[in-house]
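*Asks:* Here is my input; please provide its structure:
(one chain, ligands or ions: 1)
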Amino acid sequence: MTNICDLANKQCKPCEGGVPPLSMEEANKLMQQLEGWSLANNKISKTFEFKNYYQTMAFVNAVAWISHREDHHPDMAVSYNKCHVEYMTHAINGLSENDFICAAKIDWLFKI
Ligand SMILES: C[C@H](O)[C@H](O)[C@H]1CNC2=NC(N)=NC(=O)C2=N1
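*Replies:* This is a model prediction of the structure:
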């Protein structure tokens with residue numbers, strides 16, 4: 001049986017293009033391992049909610065730390081108590097497993 005930990009325990013592989021993006025079928029299969037994410041326009045996204053700005057920014061900084069470690073970076077839109085996170089793999093203008101690995105890692109982060 002697969003669960004969120006399978007993805008969250010993987011590491012991103014460097015991607016500089018030259019490989020095809022995931023097919024819709026592959027992407028939909030990986031979506032089953034995530035909770036609360038949406039897939040649209042070749043991106044996966046989720047809005048995280050917090051009690052206040054301090055907690056929002058702590059999350060943003062922790063996401064930045066994971067992004068640096070994994071060398072894979074989301075777009076984030078930050079407001080007082082919300083952070084909207086979008087992942088896509090720019091190098092291939094589509095989705096790769098890296099997007100799902102990072103999404104699973106930050107879901108884990110949100111729960112701790
Ligand atoms: C070599 C390394 O994997 C690339 O430069 C990374 C850096 N971070 C990245 N982040 C995202 N979201 N997409 C990319 O294609 C990407 N490329």
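*Asks:* Distance of W65 relative to the ligand?
*Replies:* 14 Å (Cβ to the nearest ligand atom, to the nearest Å). Backbone N, C-alpha and C define where each C-beta goes, glycine included.
*Asks:* Secondary structure element holding that residue?
*Replies:* W65 belongs to helix 53-70 when assigned by DSSP states H and E.
*Asks:* which element follows that helix toward the C-terminus?
*Replies:* Downstream of helix 53-70, the first helix or strand assigned by DSSP H and E is strand 75-78.
*Asks:* That next one near the ligand at all?
*Replies:* No: using Cβ under 6 Å from any ligand atom, we find that strand 75-78 stays clear of the ligand, coming within 7.9 Å at best.
*Asks:* Give me every residue in contact with that strand, excluding its own residues.
*Replies:* 56-57, 60, 63, 83-86 (Cβ atoms under 8 Å, 6 or more residues apart in numbering).
*Asks:* among those residues, which ones are buried?
*Replies:* 56, 60, 63, 83, 85-86 (16 or more other Cβ atoms under 10 Å).
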